[in-house]
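Undergrad: Just the structure for this:
(chains A and B)
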Amino acid sequence: MAASDTTADPHLASPQLTPRPDDLFGIDAALTEEERAIRDNVRRWVDEQVLPIIGKAYLDGRSPKELVPGMAELGMFGANLPEEYGCAGLSNVAYGLIMQELERGDSGLRSLASVQGSLVMFPIFAFGSEEQKRHWLPRMARGEVIGCFGLTEPDYGSNPSGMITRARQQADGSWIINGAKMWITNGSTAHLAVIWAKTGDDTSDTSIRGFLVPTGTTGFSARDQKGKLSLRASDTSELVLADVRVPADAILPKSNGLKSPLMCLTNARYGISWGVMGAALACYEEARRYSKTRVMFNGPIGGTQIQQVRLADMLTEIVKGQLMALHVGRMKDLGTYSPVQVSILKRNNVNVATNIAREARRLLGGNGILAEYASMRHMANLESVYTYEGTHDVHSLIIGQAITGMNAF
Amino acid sequence: MKIAVCIKRVPDMDVRFKIAASGTAVDEAGLKYDMSDFDGYAAEAALQVNEKGGGGEVTALCLGPDAVQETLRKALSMGIDKAVHLKCDAVPFDGWAIAQALAAQLGGGGYDLILFGRMSIDSSNQSVGPMVAELLGLPCVTAASRLDVSGGTGKAQRELEGASETVEFPLPAVVSIDEGVARPRYPSLKGIMAAKKKPLEVKPAQLGAVTVTVTTMELPPERNAGRIIGEGPDMVPELVRLLQTEAKVL
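TA: Below you'll find the predicted structure:
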């Protein structure tokens, strides 16, 4: 056999190929050229537009809304929804890669995009009338309308089926909504709120329906929740609905029970699982760079065994998390994924990202507590991501139920 | 206006290079490739000339192996209309050989403007643009940091050491673009998806004879580690002495 023939057989392939340092595990080969181009494009945008301003925005406790037009121009809002509604029509893997790159900037910025795309545009797309879709989706893709998602209530977080917010239909067909929502991302700046409420006198969660409520409607008010030590570059608000009257066509006609908002959350959690890998990458990259330049005792700290173990652990968990997200993304594109798979993915990826951020912060020593470096900001942000969209513990119970068939909630 | 933009696929400069076993080129293993920086400015300049001037067509050309099609698709994703891949196994170092292949494709193409980046960021020869102009008998302006076109005349601004000059030239012409024109736009995500549906023609590159070759390539010597001689104002005289006697920079 000629020498050139041996490399054609994958079983005999040379193990000597040098992987790219920024793709040590060779994951790029599992992405299409378009997916890589989309990722690299958003990466460049984040490098140039987000990284220079995000540290200060975080310290100031300000959501950098000036970035919204740029995000819209690139097509980041609802990017996996169809082109006929003004969206980019991308695959779920491409959508995930966008979330990864945005969260490499900041979890708050990714949250803004997640809420806009997966929690507001998606329910309009999935449960809305044709008229609602044509009216709202193009405006939201262009970033002219920012949305928020009102499900969680002050006393009902992990158990949304207990929600108190109620919509009652009037004789003229209009609805009057009363209730309060809490921990609502984009709440105080949104133009449109998707409000989930029980309808009529039915207190079971099967009566839950979604309503499109413009935030300027009389009786609707939003107030920022102050004193956050996490997601400081994102608006988190309390919504109060006091006799808010919306027309009959404000209801999302195809929404039907608690499973509708849960479908939205499954979508958002998928994006989050990619997103947190971006935060982890930012921390890992910062730690790697720092370890090569920071000299302690007689050389760079990257030459010490303890920091190499840290970096090796970080990189390994990142590529594992990315491969899990990629697998679920490919299944989502085929329509063959299930919520429990997203629970496994979200639970794992957020957990490992949180640990990576903490280890990166530690590797950076005293400098690691400064806002000049990103790791502690990511570490604090990820504590929210660990808690929102189904806490780590709730996902454990969802997975446990799928394993044992027994409900431990 | 009918515009051609000649682009080159080059290694990403953020990585540390190694010299290949041949000793005459960089080791390509582990490198990431992208469009040469100045060529991105040239692509942006082409798009802007037509956006301001009321339309036209921009064609991107790239010479090299099949991998350059990815770089051409990046140009297409920015909004360039069509692409031509001049195929060859490897890009020669000799700009004269490359210029002949490009001139053979561009000549008779009816282009009003042929744009290049000021230089490729890997070989830094700054030669191909002017050579193509010479082969096609066209006026040539290099390193334009601003480009305006109206009524068959071009106007370009060039940055000199401590001054800038404006030159005027008739079209058709060859212009190489420096940074200073607007930054290359971000391709929209839709643009990236649309790029694969745009025309990309593959033709054999009619390279000229190679007359210049690289005989050796080496990395700069490793720099010695820095030395801290002490802290505070008291150390200044010693620092000045060392800069004069040891480093010999003062």
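Undergrad: Now the helix or strand harbouring residue B:238 - C-alpha only, CSV.
TA: According to DSSP states H and E, residue B:238 maps onto helix B:236-245. Written as CSV, here are the backbone C-alpha positions of helix B:236-245 (Å, rounded to 0.1, in the frame of the first residue of the first chain):
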residue,chain,number,x,y,z
VAL,B,236,16.3,56.7,38.1
PRO,B,237,20.1,57.5,37.8
GLU,B,238,20.9,53.8,37.7
LEU,B,239,18.1,53.2,35.1
VAL,B,240,19.5,56.1,32.9
ARG,B,241,23.0,54.7,33.2
LEU,B,242,21.9,51.2,32.1
LEU,B,243,19.9,52.6,29.2
GLN,B,244,23.0,54.4,28.1
THR,B,245,25.6,51.9,28.7
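Undergrad: List the buried residues of it.
TA: Neighbour-count burial for helix B:236-245, counted by 16 or more other Cβ atoms under 10 Å in any protein chain shown, picks out residue B:242. C-betas here are computed from N, CA, C, even on glycine.
Undergrad: just stretch A:310-321 next, same as before
TA: For stretch A:310-321, a neighbour-count test (16+ other Cβ under 10 Å) marks A:310, A:311, A:314, A:315, A:317, A:318, A:319, A:321 as buried.
Undergrad: Now the stretch 301-409 of chain A against chain B: closest residue?
TA: Nearest residue of the stretch 301-409 of chain A to chain B (Cβ to the nearest Cβ) works out as residue A:303 at 13.1 Å.
Undergrad: distance of that residue from residue A:262?
TA: Remark: distance between residue A:303 and residue A:262 (Cβ to Cβ, to the nearest Å) = 49 Å.
Undergrad: Show me which of these two is the more surrounded one.
TA: residue A:262 (17 against 14; other Cβ atoms under 10 Å in any protein chain shown).
Undergrad: quick one, what contacts that one?
TA: Shown in contact with residue A:262 (Cβ atoms under 8 Å, 6 or more residues apart in numbering or on different chains): residue A:339.
Undergrad: what's the following helix or strand after the host helix or strand of it?
TA: Residue A:262 is located in helix A:259-293, with elements delineated by DSSP H and E. Sequence-wise, the next helix or strand downstream of helix A:259-293 (DSSP H and E) is strand A:295-296.
Undergrad: centre of the chain versus that following strand, how much separation?
TA: Here strand A:295-296 is found 37 Å from its chain centre; the criterion is Cα atoms, centre = their mean, to the nearest Å.
Undergrad: Run me through the strand neighbours of it, direction for each.
TA: Its sheet considered, strand A:295-296 pairs with strand A:299-300 (antiparallel) by DSSP bridges.
Undergrad: what number of residues lie near the closest residue to residue B:25 other than its chain neighbours?
TA: Closest residue to residue B:25 apart from its sequence neighbours, by Cβ to Cβ, 6 or more residues apart in numbering or on different chains: residue B:217 at 6.4 Å. Counted with other Cβ under 10 Å, the neighbours of residue B:217 add up to 13.
Undergrad: okay, now residue A:375: neighbour count?
TA: Neighbours of residue A:375 (other Cβ under 10 Å): 28.
Undergrad: Return the residues of chain B in contact with chain A.
TA: Taking Cβ under 8 Å from any Cβ of the partner chain as the measure of proximity, chain B contacts chain A at B:15, B:27, B:29-32, B:34, B:70, B:73-74, B:77, B:186-190, B:192-193, B:195-196.
Undergrad: Show me the domain layout of chain A.
TA: A:27-141, A:147-250, A:259-404 (automatic domain parsing).
Undergrad: Straight-line length of the first one, end to end?
TA: Domain A:27-141 stretches 30 Å from its first residue to its last (Cα to Cα, to the nearest Å).
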